[in-house]
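1. sharing a model prediction with you, sequence too.
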Amino acid sequence: MGNVQDAFKYNKARKNVIIGGLIILICITALSCVSSFLIYRAGFGDLPFIFQQALALFAVVVVEGAFVWLVYGFTRAFTSGLVRLVSLAGMGFLVTVMLINLVTHFMMVKHIELSEFQMEWIDWGAVTVFIAVLLIVLFITLADPVIRLIRLELRYIGKQQEKILEAKTEGLESDKIQAAMAERADFEADRLADQIIGAAQSHLPRHSQTSSIGYVQAQQSGRPRNEAGQDPKARSDQE
């Protein structure tokens, strides 16, 4: 029973430590957000006031948001050793950026002369942080094991469909397909011939059909017929 209580107390204390560390990170990040906002805002001084504030806010979100994203991914989601190493290096880089922004902002407010490095940081160094963050996020996204598995699966599906299409293309040239095409051609020729014959019979004149029928009947009986279709011998007997 005592071991269970000790374990419960340990888990509760560990949870409190995690929550306390999270609160500290949030407070330091908030302070860095203010300093970063004031430093980045000067870089957009050529724009109207609203766009200046909005772009400076976006810059803060890029830097500070990337730090929060790396911390969360390192503790919750990143499993690959390479990805964890890159995220750890990225967190160290962003912490250094936050430190420089905080110190530079305090020195500017207190009207303390800035060093040459800080002047160069304000002029162009702080802007390069965006590109560094972009590279970190891009590398982690591409090196993620799940993304790699998705790429391999898509490659497998693509090769499978390619082989199927190649087999279908080769099958069109086989003897079986050629024989089936010849059989279908004969069938279509028979249907077309029947249609032509039927169309010709339906367009013949009616008197031509009657005369031809009478002529055929006369040939079958073996007796000559006059123009009216009667037998001349039968007509003389009647007279």
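-> Thanks, I have the structure now.

2. report the buried residues of stretch 62-74.
-> 62-64, 66-67, 69-71, 73-74 (16 or more other CB atoms under 10 Å). C-betas here are computed from N, CA, C, even on glycine.

3. for Val83, see how far away the residue nearest the centre of the chain is.
-> The centroid of the chain falls nearest to Leu154 when counting by CA atoms, centre = their mean (11.2 Å). Using CB to CB, to the nearest Å, we find Leu154 at a distance of 20 Å from Val83.

4. Met91 and Gly73 touch, don't they?
-> No. Counting by CB atoms under 8 Å, Met91 stays clear of Gly73, with 9.8 Å between them.

5. now do the contacts for the residue nearest to the centre of the chain.
-> For Leu154, no contacting residues are found, by CB atoms under 8 Å, 6 or more residues apart in numbering.

6. so what's the backbone phi/psi at it?
-> phi -60, psi -40 (degrees, to the nearest 10).

7. kindly report the same for Ser80.
-> phi -70, psi 140.

8. check contacts around the closest residue to it other than its chain neighbours.
-> Spatial nearest neighbour of Ser80, excluding adjacent residues (CB to CB, 6 or more residues apart in numbering): Pro145 at 5.2 Å. For Pro145, the contact set (CB under 8 Å, 6+ apart) comprises 79-80, 83.

9. which of these count as buried?
-> Buried among the contacts of Pro145 (16+ other CB under 10 Å): Val83.

10. ok, the contacts of Pro145 vs Ile112, which is closest?
-> The closest of the contacts of Pro145 to Ile112 turns out to be Val83 (CB to CB; 40.3 Å).

11. fine, thanks again, bye for now.
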